[in-house]
Structures are given as C-alpha cells and as structure tokens.
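Trainee: give the three-dimensional model of this entry:
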Amino acid sequence: MTWAMFSPPTLFAASYSNLVLLCLTFVMEVLIICFLLFTVEHLPVPLEIVMLSIFGAICIYGATASLANCIFGKDLIMMGPPLFRVEMTKEDTKEPPPCFCPSSHRTSSLRSIANLLNEGAVCGVPTDTVYALAASCKQPEAIEKIYRIKDRPQEKPICIFISNLDQLRAAAPPFSPLLWDFMENVYPGGIGCIIKKGEWLKKLGVGAGYDRVGTKDSIMIRVPDQTITVHLIDMTGPLAITSANPSGETDSTHHDMVISRLGHKLEGVLCDGESNEVVASTVVNCTKIDEGGITILREGCVPAAKVRQIFERVKNGAV
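Mentor: Residues are numbered from 1 along each chain as shown. Predicted coordinates for the structure are as follows:
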C-alpha cells in the first residue's frame, strides 16, 4: 500500500526522463494494482501473466539500452523522448570572461590582439613554452603596467621577443661571428640569449620602451618557435615579454590559468589551449661569449647540457 502511494509521484517524475522509464513506471503501478487484486482474489490470471511479461520485456530493453549507450557514449538504442520537457528558466550562470578572450585559430583574433598591443594594452599570449604577458616595445607605459599586474620587482628585467633573426640582422648590432653563429643554432626555440644593449635596439623597433626592457647594459632576446607568436610580432614589432603569472608563482600552462589569475587586470588573452611546455625558456648569458664563453642563468625547457653542446660545436666550427 505504501508503494502504491509513493509510485504516482515516481510516475510523474519519470515523465520528465524518457519513454522507457515512463512505461516501466506505469507498468509497475499496474502490477501493484494486480497484486492488490490478487490478495482479494479478484485478479484474472491472464492479466497477471500479460503484465509480468510486459514488465520483464521493458526491464530487459531498458537495461540493455542503458548499458550500450553508457559503454559507447552515444544513443545506440533509443530510450524515447520524455513526455514533458523542463524549460530552462534561468539564464546561463557562467560568467563572461573578465577580458577579451579570442581564439588563436582565427586571423581576426590575432589582428584584434595586435591592435590592443599597439594601442598600449597588456595581453596574455601563447608562446612556444608557457603563456606570457606581452606589451609593445613602443609603449613604455604598457611595459610599466606589466610590473604592476604581476607585482614584479622593478629590479627584474623584462626580455623582448622578435619574429626572426633577419629582423635582428637588419638592426646591425655589433655582434661577433661567434655570437651570430650561436644565435643561428638556438633560434628559433626555447633559449633566450642575454646580449649587450645598444642604440641598435631602436633600429630593431624597440622605440620608446628602450629604457624599460632589459637592464642598463644588457637585454635578453628570444625568437619563439611558434607560428602564432611570430605572426603576432610581425604585426606589432618587438614585444616586451614575461611569464603570465603573479610574481613568484608557477607558470601558466593554459589560457584558462591566465584568465583566472590575471584576466581582470588584462585587456585581452589570446586563447590557444595547453601550452607546448610546462616550464619557461632556458636563459643563457652571452655578454662575454668571446672572452669566457656562455653562462646558463636558468635551465628551462632546453637542458643546460644541450646548450653547452651547441656552443661547443659552434666554437669548434663543427656547424
């Protein structure tokens, strides 16, 4: 009797699920009535046999359909539509992103981020290693903003990205043949070279941001090995770059990490999914490459042993 009182609400709830469950619940309700009639000896035996057969068939079909659909992840065996559909009255509760977050797979997205950077914005961008914060080297206020966004100590210099080595050659820096050869073997890639600073940087396109990148005497330059980043730099000129994370915290390896951690402080994030690496680039001091060789200041995605191996090959003229 208790189940007979409980099953009508169950029947009503099943009408919002699927047709198989609704039929199963309905037949179960009829069976309960049959059992009640059986107790008072007013149940025709053929009716009981028919209802039990229908109930068993629906159970077998529903169990088979549920198992198959669950295993293969799609509706191989139809369960039927619900009798009633619940209309969603609430608006989507997902909050919009705190900044402009276009997909990197669209050319229009790249142009939009490039326009923001050229106007003085700071944006999160993918690189060939981890995600980075980028600002135009022509916009010193944007470079200064990076320090505030990250809470980065002022004594920590910011490096620059260029799109290719020919861009550097066009600026005619006074590099030795050894340094040129070394750069040709590490660019593009996850190795950043610290070199002596000079007025040639302005010919490179650094512009008004000259005093806000690198230190007074040196600067780190990297050529990323990623098409998206290179195309972006071709649209903006050299970019001031630093990792897209609050100072002292782990690197951001997905655009969602950049958005959640720093999105409310940025004008845009170019979304490219998972980063290519889980650690940042390897930093090599090349300021004394002709006198004392190179120094590994930070071992990142490229092992220090591989960097030294490249240098030795170049130094010995093996390349």
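
Trainee: assign residue 160 to helix, strand or coil.
Mentor: Under DSSP: H, G, I helix; E, B strand; the rest coil, the three-state class of residue 160 is strand.

Trainee: show me what contacts it?
Mentor: 137, 206, 213, 214, 219, 220, 221, 222, 238, 239, 240, 241 (C-beta atoms under 8 Å, 6 or more residues apart in numbering). From N, CA and C alone the C-beta is placed, and that goes for glycine too.

Trainee: and the first one, how many neighbours does it have?
Mentor: By that I understand residue 137. 30 (other C-beta atoms under 10 Å).

Trainee: these two touch, right, it and residue 241?
Mentor: No. Shown here, residue 137 and residue 241 do not form a contact pair, counting by C-beta atoms under 8 Å, at 9.7 Å.

Trainee: all strands for this protein, in order.
Mentor: 123-125, 132-136, 159-161, 191-196, 218-222, 239-243, 268-269, 282-285, 295-298 (DSSP state E).

Trainee: run through who's touching the second one.
Mentor: Taking C-beta under 8 Å, 6+ apart as the criterion, the residues outside strand 132-136 that touch it are 117-118, 120-126, 142-143, 145-146, 149-150, 161, 209, 232, 236-237, 239-244, 262, 266.

Trainee: what angle separates it from strand 239-243?
Mentor: Our comparison of strand 132-136 with strand 239-243, counting by axes from the mean of the first three to the mean of the last three C-alpha atoms, to 10 degrees, yields an angle of 160 degrees.

Trainee: and strand 132-136, how far from the chain's centre?
Mentor: 17 Å (C-alpha atoms, centre = their mean, to the nearest Å).

Trainee: listing partners with orientation, what would you give for it?
Mentor: Here strand 132-136 is paired, per DSSP bridges, with strand 123-125 (antiparallel), strand 239-243 (antiparallel).

Trainee: in a markdown table: the strands of the chain, plus distance to residue 202.
Mentor: Shown next, in a markdown table, are the strands of the chain (distance: least, C-beta to C-beta, whole Å):
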| stretch | distance to residue 202 |
| --- | --- |
| strand 123-125 | 24 |
| strand 132-136 | 14 |
| strand 159-161 | 12 |
| strand 191-196 | 15 |
| strand 218-222 | 12 |
| strand 239-243 | 14 |
| strand 268-269 | 27 |
| strand 282-285 | 23 |
| strand 295-298 | 25 |
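
Trainee: of these, which is nearest residue 103?
Mentor: strand 268-269 (10.5 Å; C-beta to C-beta).

Trainee: which strands and helices sit next to that closest one?
Mentor: helix 107-118, strand 123-125, helix 255-262 (3 or more C-beta pairs under 8 Å, 6 or more residues apart in numbering; DSSP states H and E).

Trainee: so which of these gets nearest residue 172?
Mentor: Using C-beta to C-beta, the helices and strands packed on strand 268-269 put helix 107-118 closest to residue 172, at 25.1 Å.

Trainee: which positions within the closest one qualify as buried?
Mentor: Neighbour counts using 16 or more other C-beta atoms under 10 Å place 109, 110, 112, 113, 114, 116, 117 of helix 107-118 among the buried residues.

Trainee: do stretch 181-198 as well
Mentor: 181-183, 186-197.

Trainee: stretch 137-155 too?
Mentor: 137-140, 142-147, 149-150, 152.

Trainee: where do the helices sit along the stretch 51-200 of the chain?
Mentor: 107-118, 140-150, 165-170, 177-186, 200-204 (DSSP state H, counting those that start in this stretch).

Trainee: now do the second one: distance to the chain's middle.
Mentor: Right, helix 140-150. Remark: helix 140-150 is offset 23 Å from the chain centroid, using C-alpha atoms, centre = their mean.

Trainee: how about residues contacting that helix?
Mentor: Outside helix 140-150, the residues touching it (C-beta under 8 Å, 6+ apart) are 117, 120-122, 133, 135-137, 152, 154, 158, 208-209, 211-213, 240, 242, 245-247, 262, 265-266.

Trainee: need the buried ones from these selected in ChimeraX.
Mentor: Buried residues among the contacts of helix 140-150 (16+ other C-beta under 10 Å), as a ChimeraX selection:
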select :117,120,121,122,133,135,136,137,152,158,209,212,213,240,242,245,262,265,266
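
Trainee: measure how buried residue 312 is and give me the count.
Mentor: 12.

Trainee: and residue 302, by the same measure?
Mentor: Residue 302 has 22 nearby residues by other C-beta under 10 Å.

Trainee: and for residue 301?
Mentor: 17.

Trainee: what's it in contact with, if anything?
Mentor: 129, 190, 277, 279, 280, 281, 282.

Trainee: in JSON lines, list the residues you listed along with pLDDT and distance to residue 44.
Mentor: As requested, the contacts of residue 301 are exported to JSON lines (pLDDT from 0 to 100; distance: C-beta to C-beta, whole Å):
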{"residue": "129", "pLDDT": "96", "distance to residue 44": "78"}
{"residue": "190", "pLDDT": "96", "distance to residue 44": "82"}
{"residue": "277", "pLDDT": "93", "distance to residue 44": "75"}
{"residue": "279", "pLDDT": "93", "distance to residue 44": "77"}
{"residue": "280", "pLDDT": "95", "distance to residue 44": "80"}
{"residue": "281", "pLDDT": "96", "distance to residue 44": "83"}
{"residue": "282", "pLDDT": "97", "distance to residue 44": "85"}
